[in-house]
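[1] The amino acid sequence is not available; the structure is as follows:
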Ligand SMILES: Nc1nc2c(ncn2[C@@H]2O[C@H](COP(=O)(O)OP(=O)(O)OP(=O)(O)O)[C@@H](O)[C@H]2O)c(=O)[nH]1
Ligand SMILES: [Mg+2]
């Protein structure tokens, strides 16, 4: 489709641009989460991601146009070298586990260490427990995820379901708001982004079966 120059200019127009990398074990649902964020659809059968896929969506946050570039990485070990090369330019990382598979939660510290090793020093990290619709098969308690998030100083934990449209937009909105807040701080302190501290208090939000809406670790 041919776009007029006015349409193109409108699409290129934004107040903030943030690069977010999505990581985690294979088959936790990273691609489904990104697809849902991009187009609001869920497809049950997904191919394993080969290397890295790129998606972009603009959000309106407090009257500002925020462009979120999302890098959906392959969880399979054989793509590790390729995916690691994308960490450096990311402003934020979303680490995903499957709350029905304990092993994917056990891998989270490994993913955090990868980020610490290959990512920028001031990268913001958030944790998501996907497949919250499969609550009968839950193997990871939200409380355990909160404890881990607190231990590693992550921004937040949210339980999501790409299948049932739960918390997907909220994940990216929360991340966008945090990045905007840090960026504003950067503007106030002029040119000190690389030295900004990453010790924002964790904001832990759940939509778990208990009905509890906040976890104040
Ligand atoms: N029940 C349920 N299944 C999901 C959900 N999200 C993803 N799945 C299923 O989980 C499987 C893996 O999803 P993907 O999105 O391909 O997983 P991935 O993390 O991108 O995997 P890699 O690309 O190999 O890293 C697919 O069969 C999806 O249909 C969810 O929210 N609920
Ligand atoms: Mg994938």
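    Received it, and whenever you're ready, just let me know what you need. What you see is a predicted model; the values in this text were computed from it and never measured. Ligands and ions are numbered 1, 2, ... in the order given.

[2] pull the helix or strand with minimum mean pLDDT from the protein.
    Ranked by mean pLDDT, DSSP states H and E, the helix or strand of the chain with the weakest confidence is helix 5-12, at a mean of 57.

[3] Which helix runs longest in the chain?
    Assignment by DSSP state H gives helix 168-189 as the longest helix of the chain.

[4] which residues are in contact with it?
    Helix 168-189 is contacted from outside by 16, 18, 20, 33, 36-37, 57, 59, 61-62, 64, 66, 68, 70, 91-92, 94, 122, 124, 126, 128, 155-156, 158, 160, 162, 192-193, 196, 200, 203, 205, using CB atoms under 8 Å, 6 or more residues apart in numbering. Glycine gets a C-beta too; all of them are placed from N, C-alpha and C.

[5] try stretch 36-55
    By CB under 8 Å, 6+ apart, stretch 36-55 touches 26-27, 30-32, 34-35, 57, 69-76, 79, 82-83, 86, 162-163, 165, 168-169, 171-172.

[6] returning to that earlier point: would you show me how to pick out the buried ones of the contacts of helix 168-189 in ChimeraX?
    Restricted to buried positions by 16 or more other CB atoms under 10 Å, the ChimeraX selection for the contacts of helix 168-189 reads:
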select :16,18,20,33,36,37,59,61,66,68,70,91,92,94,124,126,128,155,156,158,160,162,203,205
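
[7] Out of the contacts of helix 168-189, list just those in helices.
    Those of these lying in helices (DSSP H): 33, 36, 37.
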